[in-house]
Each structure stands twice: as C-alpha cells, then as structure tokens.
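# pasting the sequence and the predicted coordinates here, then a few questions.
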Amino acid sequence: AQSVSQHNHHVILSEAASLELGCNYSYGGTVNLFWYVQYPGQHLQLLLKYFSGDPLVKGIKGFEAEFIKSKFSFNLRKPSVQWSDTAEYFCAVVDYKLSFGAGTTVTVRA
Amino acid sequence: DAGITQSPRYKITETGRQVTLMCHQTWSHSYMFWYRQDLGHGLRLIYYSAAADITDKGEVPDGYVVSRSKTENFPLTLESATRSQTSVYFCASSVLSGTYEQYFGPGTRLTVT
C-alpha cells in the first residue's frame, strides 16, 4: 500500500512570505499525484495534479508543485502567500485509490 | 443543485446506536468513496464503490457497512457506534478510479458520546 508523508504538521507565516510544503510517497512505479486544499469549514478542493509530462505543475491560486521522481517527492510551492491561503493542505497519491498524507495546516498572518 | 451532498452535516449519537450517513451525487459518477478525517491521520478510506452493487473495503472498514443500490447514492452505516468513530466523514465521487480527480462532499461531523 502507498504511504504519503507530509513533512510539516503546522506552518505559520506572514503575508507575502514564500511557502513550500513537502510531500514524499513510497511507491516506486508510475504514480499520479495530487494536492488538495481544505479551507476552514469547507470541503476538499483540488489544487493541482500531476499525471505525466512536465514535472512542474501549475495549479489554481498561484500554487505550483514539482515532481522529482528520484526523490519520490511532490512539493507544493507558492511564491507569495495571502491571508486567504490559510487552510489545510493534503498531498495524495493514487494507485487504485487515493492515499492521503496527514495534512499540513498553514496559517498566514496578516 | 448539481454536485455531491451529504446529510446530516452534524450528528450526535450515543455509543451502541446505529447511524447512517447519506451521500448523494448528481454527476452519475461511477466511483464513490467514503473517508474519515482525523487529526494526524489525514483522510483514510473506509469503503469505496466502483458501480451500483459493487463495493469494496478500504483502509479502515471495521464497524462500517455500505450499500449502493443506485448509482447516485452511497450510504454509510455505523452498525453500533463507538467513540472511536467520532470523526468527520467525507464522501467523494469520481468518473473513474486511478488518474481521475475525486470530488468531495461537504462532510458530516459525527460525535459519538
């Protein structure tokens, strides 16, 4: 079974700071990778996804992620965060089902 | 409204009672999923269904029962609720499994006292 590891449990930063959230997965074969976001009181929404091709994937709201196969990683980045980016972020990997990481809570201070 | 809905949104029940969480989607997606979300564990798959009348266990199926008589509905039943089942439950659907995006419902917050 897949395992997904998210490096940070809680990240606190100020507006305009850069954000990088780490994600590593265990499976060595072909993978499909996702980042989901859950804003306070809302359901999960897809931020971005990687299936194949360019390893640098751009998603909604200025987020991007880089797939590095040799490192089994799919890290999420945003150059300049806003207060509205306060949310919980989940990395997920799929074989026949999605396997989620434990999540990273991001708090952006105004 | 189109989309995926869950009911109830909040539920408090007592240990030992049976409770059913409802999930309804209007997209005619083949696949439906039930997850529970607990602090420190992310989302864990309870059960999933590839089509009507086809269901299979996920990572944490014990204590739960599902059925899928119609494509659009995927109820989750806790046969005898325990405190360890206090959680937020999310239903999701997708066109196909594998590479396809899953769409999530708003969640049901269940408290077992």
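That came through fine. Numbering: from 1, shown residues only, chains lettered A, B, ... in the order given.

# can you tell me how far the residue positioned nearest the centre of chain B sits from chain A?
By Cα atoms, centre = their mean, chain B has its centre lying nearest to B:Trp34, at 3.0 Å. Distance, B:Trp34 to chain A, using Cβ to the nearest Cβ, to the nearest Å: 11 Å. Every residue, glycine included, has its C-beta placed from N, CA and C.

# which strand residues bridge that residue?
B:Tyr47, B:Cys91 (DSSP bridges).

# any buried residues in stretch A:71-79, and which?
Buried residues in stretch A:71-79, counted by 16 or more other Cβ atoms under 10 Å in any protein chain shown: A:72-76, A:78.

# got CSV for those residues, with pLDDT, secondary structure and distance to B:Gln6 too?
Output for the buried residues of stretch A:71-79, formatted as CSV (pLDDT from 0 to 100; DSSP: H, G, I helix; E, B strand; the rest coil; distance: Cβ to Cβ, whole Å):
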residue, pLDDT, secondary structure, distance to B:Gln6
A:Phe72, 92, coil, 34
A:Ser73, 94, strand, 33
A:Phe74, 96, strand, 28
A:Asn75, 96, strand, 31
A:Leu76, 97, strand, 27
A:Lys78, 97, strand, 30
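
# phi and psi next, for B:Arg83.
phi -60, psi -30 (degrees, to the nearest 10).

# just checking, it touches B:Val112?
Yes. If you go by Cβ atoms under 8 Å, B:Arg83 and B:Val112 touch, sitting 5.1 Å apart.

# residues from chain A in reach of chain B?
A:1, A:4, A:6, A:9, A:32, A:34, A:36, A:42-46, A:49, A:51, A:90, A:94-103 (Cβ under 8 Å from any Cβ of the partner chain).

# go through those residues and flag which are in strands.
Counting by DSSP state E, the residues of chain A next to chain B place A:4, A:6, A:32, A:34, A:36, A:45-46, A:49, A:90, A:94, A:98-100 in strands.

# what does chain B put close to chain A?
For chain B, the residues in contact with chain A (Cβ under 8 Å from any Cβ) are B:33, B:35, B:40-45, B:48, B:58-59, B:90, B:92, B:97-99, B:101-102, B:104-107.

# so A:Lys71 sits against A:Cys23, correct?
No. Using Cβ under 8 Å, A:Lys71 makes no contact with A:Cys23, being 10.5 Å away.

# quick one: buried ones out of the residues of chain B next to chain A?
Buried by 16+ other Cβ under 10 Å: B:33, B:35, B:42-45, B:48, B:58-59, B:90, B:92, B:97, B:102, B:104-107, out of the residues of chain B next to chain A.
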